[in-house]
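Asks: model this:
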Amino acid sequence: MAKDVFPIPKEYEQVMHAAASVLDETLNPQGEPKNVVFVLLVGNVNTRIGNFISNGAREDAVFLMEEILKGIKQRASSSEEKQ
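Replies: From the prediction side, this is the model:
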């Protein structure tokens, strides 16, 4: 696995892994196919450094985040056009 440019900050690492486990177990019950992939983003607003954790493959998580960002940018630009 590639080393993160900004690793999960130590003070958040344990809670991020715990939250990811709860989300994964809730969204993908044991014994059923894993159909739901999530990305949990955590960042510090002061340092503007953050990271993510996901229950999917890294490339799937990055693709998902890129698609979400595209949608956010499209909605922002269409709402600006309406003003």
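
Asks: All the strands of the protein, residue numbers only.
Replies: 39-44, 49-54 (DSSP state E).

Asks: Paired strands for the last one, with orientation please.
Replies: What that stands for is strand 49-54. strand 39-44 (antiparallel) (DSSP bridges).

Asks: quick one: contacts of the strand it pairs with?
Replies: Outside strand 39-44, the residues that touch it by CB atoms under 8 Å, 6 or more residues apart in numbering are 8-9, 12, 16, 19-20, 23, 49-54, 56, 61, 64-65. Every C-beta, even on glycine, is put in place using the N, C-alpha and C of the backbone.

Asks: 7 Å - rerun?
Replies: With CB atoms under 7 Å, 6 or more residues apart in numbering as the test, strand 39-44 has contacts from 12, 16, 19-20, 23, 49-54, 61, 64-65.

Asks: Then stretch 55-74?
Replies: By CB under 7 Å, 6+ apart, stretch 55-74 touches A20, D24, V37, F38, V39, F52, S54.

Asks: centre of the chain versus that stretch, how much separation?
Replies: 8 Å (CA atoms, centre = their mean, to the nearest Å).

Asks: Mind telling me the two of the contacts of strand 39-44 farthest from one another?
Replies: L23 and I49 (22.5 Å; CB to CB).

Asks: of the two, who's got more company?
Replies: L23 (17 against 13; other CB atoms under 10 Å).

Asks: what's near enough to touch N46?
Replies: Counted by CB under 7 Å, 6+ apart, N46 has zero contacts.

Asks: Can you check the pLDDT for it?
Replies: Model confidence at N46, given as pLDDT, is 88.

Asks: same check, this time on A2
Replies: 46.

Asks: circling back to that earlier point, okay, the strands of the chain, which one's buried deepest?
Replies: Highest mean neighbour count among those (mean count of other CB atoms under 10 Å): strand 49-54, with a mean of 17.
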